[in-house]
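A.B. asks: Here is my input; please provide its structure:
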Amino acid sequence: MLRKDLLFDNGGGSKHRLDFKKIRDIDKLLLISTIVLILFGILNIYLCTKGDYGFLYAKKQFIWMIISLVALYIFISIDYRVFYNYVPVFYWASIVLLLITRFAGTVVNGARGWLKFGPISLQPSEIAKVAMIMMLGKMLEEMDNDINNFKNLVKLSIYAGIPMIFIIIQPDMGMTMVCFFIVLGIFFVAGLDRRIFIGGFAALIVVVAIVWNVGLIQDYQKARITSFLHPEANATTTGYHLSQSLISIGSGGVVGDRPSLYNDGTSGYAAQHVPEVQTDFIFAAIAEQWGFIGVVLLLIVYGIAITRMINIARTAKDTFGSVICIGIVAYFLFAIFQNIGMTIGLMPITGITLPLISYGGSSMLSIVMTIGLVLNIGMRRKKIRF
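C.D. replies: Here you go, the predicted model:
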């Protein structure tokens, strides 16, 4: 029987096109807020890099936006249940990429976490993050959501742990934390027993202590992570990022200080003094440029996107769809809290970027892919009567 949500080309091979009967059910607020966040990110990437690089970083991010929107179209065109059948392939392919990265990857900021193909750089851990969410969703559906069965929990933990082990040994503690809190969010919503949660946190403390002391994390990385406790004591060394970030955020005031918006020769304080301002510390530049009001508006847009994703998760027609939504919600909540927290001295400094805002093609692509799946799930949460 021909499915009415997919249009097939009879000439050898299949072609998927968006069904306009279903496009009417797309969550417009989620789609619009996603695009707004991406465009606002590109604007701020340009403002904080134009002094030294002109349009270079903004242009690269714009190209990745086009690629991501194409991926978004694909991911909302095909019924997400089709992806369900290929989740194991996607998952193990991402593990293979992580394995290749371990031996042939490029070192960036102390972590061997990138693969380079000419001018294109790919971060396999971003792909593994999406694959892990989808794999957990598929497994929970096959288990009828019986997460408190010991055998099921062990199996889920193994599949969640495999990509995290490869990411830990890069070492990329930021992405490891992201994956952990994604799994934590999924397990919590799936109904994991509270006693197991307590045991899990105890195990996490042990693992962190081991990783911290066996040499996987270099001394300079440890110093950077712990510098938030006493930034003033190391303002010119390990606390330099944070001290300059705080100055930038404070200078923004209520309405912001936007010299880079009006003067081609000036990029603002954050752009000139905060390292990695277009990636990890872009919030400092945003707070300087747009002030408290701009930050509040940014958080409102994030809030709209997260609320819509939670709504889709609650009304999804199956466990697979619900888990995908919860996974991306957990990612957004943790990444936003951690990224902003580290720029204002409330959280340790890690390499966690601000979703859809920070510079990074692999990150944008993976996030937009998952948002495409969430939109797909929302469009197909109820059957259409013809």
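
A.B. asks: C-alpha only now, for contacts and for neighbours.
C.D. replies: Noted.

A.B. asks: from the chain's centre, how far out does the longest helix along the chain sit?
C.D. replies: Looking across the chain with DSSP state H, the single longest helix is helix 282-315. Distance of helix 282-315 from its chain centroid, counting by Cα atoms, centre = their mean, to the nearest Å, is 14 Å.

A.B. asks: quick one: average confidence on that helix?
C.D. replies: Average pLDDT, helix 282-315: 95.

A.B. asks: Report the buried residues of the helix or strand just after it.
C.D. replies: Reading on from helix 282-315 to the C-terminus, the next helix or strand found by DSSP states H and E is helix 319-343. Using 16 or more other Cα atoms under 10 Å as the test for burial, helix 319-343 gives 319-336, 338-343.

A.B. asks: Could you verify my assumption that D280 touches P355?
C.D. replies: No - taking contacts as Cα atoms under 8 Å, D280 lies outside contact range of P355: 10.4 Å.

A.B. asks: before we move on, back to that, in the longest helix of the chain, which residues are buried?
C.D. replies: Neighbour-count burial for helix 282-315 [16+ other Cα under 10 Å]: 282-292, 294-295, 298, 301-302, 305-306, 308-310, 312-314.

A.B. asks: now the angle from that helix to helix 319-343?
C.D. replies: 160 degrees (axes from the mean of the first three to the mean of the last three Cα atoms, to 10 degrees).

A.B. asks: hang on, A285 packs against E276?
C.D. replies: No - when contacts are counted by Cα under 8 Å, A285 is not listed as touching E276 (10.7 Å).

A.B. asks: What is the burial count for F201?
C.D. replies: By other Cα atoms under 10 Å, 12 other residues sit near F201.

A.B. asks: With the one 4 residues further on instead?
C.D. replies: Other residues near I205 come to 12 when the count uses other Cα under 10 Å.

A.B. asks: pLDDT value on it, please?
C.D. replies: For I205, the predicted pLDDT is 80.

A.B. asks: So it versus W212, what's the distance?
C.D. replies: According to Cα to Cα, to the nearest Å, I205 stands 10 Å off from W212.

A.B. asks: Which neighbours do these two have in common?
C.D. replies: With Cα atoms under 8 Å, 6 or more residues apart in numbering applied, the contact sets of I205 and W212 do not overlap.

A.B. asks: Can you show me the strands along the stretch 1-150 of the chain?
C.D. replies: For the stretch 1-150 of the chain, the strands defined by DSSP state E, counting those that start in this stretch cover 106-108, 111-117, 120-122.

A.B. asks: Need the per-residue pLDDT for I377.
C.D. replies: Reported pLDDT for I377: 95.

A.B. asks: For it, which non-adjacent residue is closest in space?
C.D. replies: G321 (5.9 Å; Cα to Cα, 6 or more residues apart in numbering).

A.B. asks: dump the residue contacts of the one you found.
C.D. replies: 80, 137, 313, 374, 377.

A.B. asks: Please identify which helix or strand holds the fourth one.
C.D. replies: Pointing back at V374 there. Going by DSSP H and E, V374 is part of helix 361-379.

A.B. asks: distance between that helix and the chain's centre?
C.D. replies: 10 Å.

A.B. asks: what's the answer for stretch 360-379, then?
C.D. replies: With Cα atoms, centre = their mean, you get 10 Å for stretch 360-379.

A.B. asks: Check what contacts it and list those residues.
C.D. replies: 22-23, 25-27, 30-31, 60-61, 64-65, 67-69, 71-73, 75-80, 121-123, 126-127, 130, 279, 309, 312, 315-316, 321, 324-325, 328, 355-356.

A.B. asks: ditto for stretch 145-154
C.D. replies: 140, 143, 187, 190-193, 319.

A.B. asks: rerun at 6 Å
C.D. replies: Residues from elsewhere that reach stretch 145-154 (Cα atoms under 6 Å, 6 or more residues apart in numbering): L192.

A.B. asks: do stretch 28-39 as well
C.D. replies: 301, 305, 356-357.

A.B. asks: hmm, which helix or strand of the protein has the shakiest average pLDDT?
C.D. replies: Lowest on mean pLDDT, DSSP states H and E among the helices and strands of the chain sits helix 259-262, with a mean of 56.

A.B. asks: any idea which helix or strand comes after that one?
C.D. replies: helix 269-273.

A.B. asks: how far is that following helix from where the chain is centred?
C.D. replies: For helix 269-273 - counting by Cα atoms, centre = their mean - the centre lies 25 Å from the chain centre.

A.B. asks: can you pull the buried residues of that helix?
C.D. replies: 269-271, 273.

A.B. asks: Point out the other helices and strands that that helix packs with.
C.D. replies: Applying 3 or more Cα pairs under 6 Å, 6 or more residues apart in numbering; DSSP states H and E, we find helix 269-273 packed against no helix or strand.

A.B. asks: give me that answer again for 10 Å
C.D. replies: Helices and strands touching helix 269-273, by 3 or more Cα pairs under 10 Å, 6 or more residues apart in numbering; DSSP states H and E, are helix 28-53, helix 240-252, helix 259-262, helix 282-315.

A.B. asks: mind exporting it as CSV, just the C-alpha atoms?
C.D. replies: The C-alpha coordinates for helix 269-273 follow below in CSV (Å, rounded to 0.1, in the frame of the first residue of the first chain):
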residue,chain,number,x,y,z
TYR,A,269,36.4,44.1,24.2
ALA,A,270,35.5,40.4,24.2
ALA,A,271,36.7,40.0,20.7
GLN,A,272,40.0,41.5,21.5
HIS,A,273,40.7,40.0,24.9
